[in-house]
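K.L.:
Compute the structure for the input listed below.
(chains A and B)
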Amino acid sequence: MAITSIKTGSSFTNLIKYNDFLAGNPGYDPGATWLIQRIAGTGTAASLQFTSIPSTYKHLQIRYCIRGYDTSSRSDDDLRIRFNNDSTSANYYGHFLQGNGSTVAAVAQSGAYAGGQVVISQTVPGSGATANVMATGIIDIHDYASTTKNKTVRFITGNDRNGSGQIRLGSVGYFSTSAISSIQLLPDPDGFTTTSTFALYGMVG
Amino acid sequence: MPSTYTLIKGETLASSAASYTFSAIPSTYTDLVLRWSGRSDTAGTGYQNVKVTLNGLSSGSVTSQTWLQNLAGSASSNRWNTSYPGYFWWEFNTTSAGWTSNTFDSYEMYLPNYTSSTAKPSSLFGVAENNATNPYWMIASANLTSTTSAISSVQVATTSGNFVSGSSFYLYGIKNS
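P.N.:
Just a heads-up that it's a prediction; the model follows:
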């Protein structure tokens, strides 16, 4: 209910009139990180993508918790990434450093897979993996909206299955100065379960 | 609900510069996050050094680092400390002019409890991409400096040459409540 009057003689005396509705309250801090979009797996043979990404942030961050959907009961599925639906493999390069509890490897991925698909993970638990085990990861894209810089992407991803696991630090070079406006999240061989989620955040700068 | 992750300052270089400094960092946060994207104008395809210096330290402290890296396609781990006398900063690598054009590195450093009166740790993850197998650089690093003063400035600097224009630097503050 709106306040329409205050009686004189009440405790509401000597009130200060402000022209700012925030006066007297703590300053409002909108924060640096905003959720742009969250998408979930479909439980079918389908890729996912973030589209119409606004160029109003400085950085993007994708956080995910996923499990592969496949029709062949595989233990391990792939998560691959592509930007702007750019399928020119020569526009990509990937490197990563990984360990599985015993072996360390440093690997270069030249030119991505056909169709410009750069592998983020090759150990996303598939339909044949221990039930309810998920892979998680964070992907950072610095200055994604720049039109003068190629895009350098950092990521950390991994999973543990109480008996085996893998951790991977990686990077993707997307050698294009176009602003990133869409990101394709590509499963191999089939899709992501309905329990899988990818969340895209924008970070101000 | 108050925000817990706030931009303190961000800037993209309009012209080349040997360093970028965040100064007068407020003490009102719990942790700091430093992000930068740089490229050196030094000729060649070598790895160029980048150093991160806290509070302009040039004496009276000891810095040390332990890291895991993918350097030119080879995994390795190493560390250094007072065996490098005269180092009062943490050191990493960046691209040089001979790497794929318009390609910059990407770093994130986390500095927890930066106003404490104890030694300051940090962790870092950074990469310098190139459209080739080599040269290439990736590092995950744990760092420490013995200074017990609150961190009020952070400088990111090349050890030779300049950061090219377009290099960008961002500092965020995190509150725990």
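
K.L.:
where along chain A do the strands fall?
P.N.:
A:33-40, A:48-50, A:59-66, A:68-69, A:76-83, A:92-99, A:104-110, A:118-125, A:135-142, A:151-160, A:165-174, A:183-188, A:191-192, A:197-203 (DSSP state E).

K.L.:
Name every strand pairing with the third one and say which way it goes.
P.N.:
Strand A:59-66 has the following strand partners under DSSP bridges: strand A:135-142 (antiparallel), strand A:197-203 (antiparallel).

K.L.:
and if you look at the first one?
P.N.:
Strand A:33-40 has the following strand partners under DSSP bridges: strand A:197-203 (antiparallel).

K.L.:
So which residues on chain A come close to chain B?
P.N.:
By C-beta under 8 Å from any C-beta of the partner chain, the residues of chain A that approach chain B are A:26, A:29-33, A:58-59, A:93, A:95-97, A:104-108, A:110, A:140, A:142-143, A:146, A:148-150, A:152-154, A:156, A:169-173, A:175, A:177, A:204-205. In short, each C-beta sits where N, CA and C put it, glycine included.

K.L.:
Okay, and the beta partners of A:Lys151?
P.N.:
Under the criterion used (DSSP bridges), A:Lys151 bridges to A:Tyr174.

K.L.:
Likewise for the one 4 residues further on?
P.N.:
Judged by DSSP bridges, the bridge partners of A:Phe155 are A:Ile139, A:Gly170.

K.L.:
In contact with it, which residues?
P.N.:
Under the criterion of C-beta atoms under 8 Å, 6 or more residues apart in numbering or on different chains, the neighbours of A:Phe155 are A:120, A:137-140, A:168-172.

K.L.:
Tell me the pLDDT of it.
P.N.:
The confidence metric pLDDT takes the value 98 at A:Phe155.

K.L.:
Return the list of helices and strands in contact with the helix or strand of chain A with the lowest mean pLDDT.
P.N.:
Across the helices and strands of chain A, mean confidence by mean pLDDT, DSSP states H and E is lowest for strand A:104-110: a mean of 88. Strand A:104-110 sits against strand A:92-99, strand B:74-80, with contacts defined as 3 or more C-beta pairs under 8 Å, 6 or more residues apart in numbering or on different chains; DSSP states H and E.

K.L.:
Okay, buried residues for that strand please.
P.N.:
Neighbour counts using 16 or more other C-beta atoms under 10 Å in any protein chain shown place A:106-109 of strand A:104-110 among the buried residues.

K.L.:
How about stretch B:99-113?
P.N.:
In stretch B:99-113, counting by 16+ other C-beta under 10 Å, buried: B:99, B:102-109, B:111.

K.L.:
And stretch B:65-78, by the same measure?
P.N.:
B:65, B:67-71, B:75.

K.L.:
From the buried residues of stretch B:99-113, which land in strands?
P.N.:
Judged by DSSP E, strands contain the following of those: B:105-109, B:111.

K.L.:
shouldn't A:Gly24 be in contact with A:Tyr18?
P.N.:
Yes - counting by C-beta atoms under 8 Å, A:Gly24 touches A:Tyr18, with 7.0 Å between them.

K.L.:
can you tell me how far B:Ser117 sits from B:Tyr20?
P.N.:
According to C-beta to C-beta, to the nearest Å, B:Ser117 and B:Tyr20 sit 27 Å apart.

K.L.:
The spatially most central residue of chain A bridge partners, please.
P.N.:
Taking C-alpha atoms, centre = their mean, the centroid of chain A lies closest to A:Ile62, which sits 1.1 Å from it. Beta-bridge partners recorded for A:Ile62 (DSSP bridges): A:Ile139, A:Leu200.

K.L.:
Next one: it relative to chain B, how far apart?
P.N.:
14 Å (C-beta to the nearest C-beta, to the nearest Å).

K.L.:
list the contacts for that residue?
P.N.:
Shown in contact with A:Ile62 (C-beta under 8 Å, 6+ apart): A:50, A:137-139, A:141, A:183, A:185, A:198-201.

K.L.:
SS state for the residue nearest the centre of chain B?
P.N.:
Among the residues of chain B, the one closest to the centroid is B:Val52, at 4.7 Å (C-alpha atoms, centre = their mean). At B:Val52 the chain is in strand, as set by DSSP: H, G, I helix; E, B strand; the rest coil.

K.L.:
for chain A, which spans come out with low pLDDT?
P.N.:
Residues of chain A meeting the criterion pLDDT under 70: A:1-15, A:111-112.

K.L.:
what number of residues lie near residue 173?
P.N.:
In the absence of a named chain, chain A is used. 27 (other C-beta atoms under 10 Å in any protein chain shown).

K.L.:
um, chain B though
P.N.:
A total of 22 residues lie near B:Gly173 under the criterion other C-beta under 10 Å.

K.L.:
give the contact list for it.
P.N.:
Residues in contact with B:Gly173 (C-beta under 8 Å, 6+ apart) are B:5-6, B:8, B:26, B:28-33.
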